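>>> I need the structure of the sequence given here:
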Amino acid sequence: MDKPAVKTMEEFAQLVGLSRPTVSKYFNDPGSVRAKTRERIEEAIRQSGFRPNMFAMNLNRRRSNILGIIIPNSTDPFYMALTRRVELLANEAGFLAFILSSDGNPALEQRAIETLKSMNIAGAIIAPLGDRSHQQTLSELGTTIPLVYVDSPLDETSSFVGTNNRQSFRLIVDYLCRSGEPPCYLGMPPVNNNARRREVAYIEAMEAFKMAPQLVETTPCDNWDFERFGFEQMQRSLRSDNGLPTRTVLCANDRIAFGAIAAAWQAGLKVGRGDDYDIRIAGHDDHPLSRYACPPITTVAQNYDEIGRLATQLLLSNLDNESPPAVSNRILLDAQIMLRSSA
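You can find the predicted model right below:
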C-alpha cells in the first residue's frame, strides 16, 4: 500500500489519533511521553514516513533546539575536526548543530550572524574573524543568547575556549633555543586576534629566555591563504640582501610552515635539524597534515577534541540560565610539543 501523504504536524496527529501537543512533545523529547504512546507514534512514522519541519518547530519555541556554529573556513582540517566534535556532542544532548562558514569574508560573517538570529537559535559557538566592524553585532547577539568563542576570542571578556598561547610558545621557543639557534618569527596575516596574540606570546617567550625577539619582515595581507602567505614571505626573505635573521624559523601556525618549507626547498635548502641541514622550520597547532609534510613539522599541538568538548559543555551549561551569564568563562588549554624532523 502507498504511504499516507502526511505533510504537516496536524495531519500526522490526526493520523496517529493523538493531540498535536502530545505529538509535538514526542518530537521534542521522545522520552517525555509514555512508552505505549511512543510506540504508537513510531509505528505511524514508519507507515507514513513523516518527518516534521524542525526549523518551523524551532521558530515557534521560546528556546529552540538549534545550536549555531560559525567558522572562517569550512575546508580547514582544524575547523572540520572542531565542528565534527561539536556536532556529535550537540546531537547527544538533543540539539541540532547548524554550521555556517564566513569563508574569511566579513560580509559573509555578518550574513551568517543574521541567519542564526532569524532561526531563533538557542546559542552559538563562533570562531570570529576579528573584524572590528562586527564586534558590536556579535556583542548585541551575546546579550540575547549564550555565545562561546573558539580559536580566537572576540575580546578580553567574551566566553572563550582555546589554546594558551603563552604556554605553547614558551614551550616551543624553549625547545628551539636549547636545540639550536634561537628562532626568528614568521607571523600570520592579521585576520583575527590570534595574529597579534601569538606574536606577543613569541616576544614574551624570547624575552623570558633572555633572547632578543626577531620578527621576519612581512608584506601586508588580510586573507586566509596562509600557505601562500608563508611561501611568498619566506621566498621574499631568502631573496633579500639581509636574508633571515637566524637559521631557525618559528611560524605562527602550521599552514604558514607548509608554505615556508616549500619556499626553502625551492631555494635549494635542506630543512631539518642537525649539522647536515641548512634551516629549521617549526609551526604551531599540529595541523592534521603536519606529520605528513616533507619533512614532518615540529610543532605544538592544540587539542581539537577537547576544545570542541569544553566549548559545547560550556554553551550547554549556559543554556540553563534564564539570561546569558554576567561573568564570562575563559578556558585556556595547555599545548603539547610534537617533535618531528623539521626542527
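
>>> which stretches of this structure have low pLDDT?
Low-confidence segments of the chain (pLDDT under 70): 1-4, 28-29, 52-63, 131-134, 320-328.

>>> which residues of it fall in helices?
9-16, 20-28, 35-48, 54-59, 77-92, 106-118, 135-142, 165-179, 193-208, 226-239, 254-266, 304-319 (DSSP state H).

>>> among those helices, which is the most enclosed?
Most buried of those, by mean neighbour count (mean count of other Cβ atoms under 10 Å): helix 254-266, with a mean of 24. Where C-beta positions appear, they are placed from N, C-alpha and C, glycine not excepted.

>>> So which residues make contact with it?
76, 186-188, 226-235, 238, 249, 251, 271, 278-279, 281-287, 289-290, 293-295, 297, 299, 342 (Cβ atoms under 8 Å, 6 or more residues apart in numbering).

>>> List the contacts of Leu177.
Actually, residue 177 is Cys. It isn't Leu. Contacts of Cys177 (Cβ under 8 Å, 6+ apart): 183, 209, 211.

>>> Distance of the second one relative to Leu89?
Translated: Phe209. Shown here: Phe209 relative to Leu89, a distance of 39 Å by Cβ to Cβ, to the nearest Å.

>>> Could you tell me the end-to-end distance of stretch 290-308?
20 Å (Cα to Cα, to the nearest Å).

>>> Run the chain-centre distance for that stretch.
14 Å (Cα atoms, centre = their mean, to the nearest Å).

>>> In that stretch, which residues are buried?
Buried residues in stretch 290-308, counted by 16 or more other Cβ atoms under 10 Å: 290, 293, 295-302, 304, 307-308.

>>> Grab the most central residue of this structure for me.
Central residue of the chain (Cα atoms, centre = their mean): Tyr79, 4.5 Å from the mean position.

>>> Against Ile126, how distant is that one?
12 Å.

>>> shared neighbours, these two?
With Cβ under 8 Å, 6+ apart, Tyr79 and Ile126 have no common neighbours.

>>> Can you get me a residue count around the residue lying closest to Leu250 once chain neighbours are set aside?
Leaving aside its sequence neighbours, Leu250 sits nearest to Pro183 (Cβ to Cβ, 6 or more residues apart in numbering; 3.9 Å). Close neighbours of Pro183, defined as other Cβ atoms under 10 Å, add up to 29.

>>> Same question for Pro220.
6.

>>> Likewise for Leu100?
19.

>>> Hmm, Ala208 is touching Gln167, no?
No. Applying Cβ atoms under 8 Å, one finds Ala208 not in contact with Gln167, separated by 11.7 Å.

>>> quick one: Asn105 and Arg111, what's the gap?
Computed as Cβ to Cβ, the Asn105 to Arg111 distance reads 9 Å.

>>> what do you get for Ile69?
Ile69 is 15 Å from Arg111, by Cβ to Cβ.

>>> For the closest residue in space to Gly308 that isn't next to it in sequence, give me its contacts.
Nearest in space to Gly308, with sequence neighbours left out and distances taken as Cβ to Cβ, 6+ apart, is Arg85 at 3.1 Å. Listed by Cβ under 8 Å, 6+ apart, the contact set of Arg85 reads 304-305, 307-309, 312.

>>> now these as JSON lines including distance to Ala257?
Converted to JSON lines, these look like this (distance: Cβ to Cβ, whole Å):
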{"residue": "Tyr304", "distance to Ala257": "18"}
{"residue": "Asp305", "distance to Ala257": "22"}
{"residue": "Ile307", "distance to Ala257": "20"}
{"residue": "Gly308", "distance to Ala257": "23"}
{"residue": "Arg309", "distance to Ala257": "27"}
{"residue": "Thr312", "distance to Ala257": "29"}
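
>>> from the residues you listed, which is closest to Pro21?
Minimum distance to Pro21 across those is 29.9 Å, recorded for Thr312 (Cβ to Cβ).

>>> Now the closest one: closest residue in space that isn't a chain neighbour?
Leu89 (4.3 Å).

>>> Quick one: residues contacting that neighbour.
308-309, 312-313.

>>> Tell me how far it lies from Arg291.
For Leu89, the distance to Arg291 - Cβ to Cβ - is 26 Å.

>>> before we move on, what about Ala127?
For Ala127, the distance to Arg291 - Cβ to Cβ - is 23 Å.

>>> Same check on Gly187?
Per Cβ to Cβ, Gly187 is found 23 Å from Arg291.
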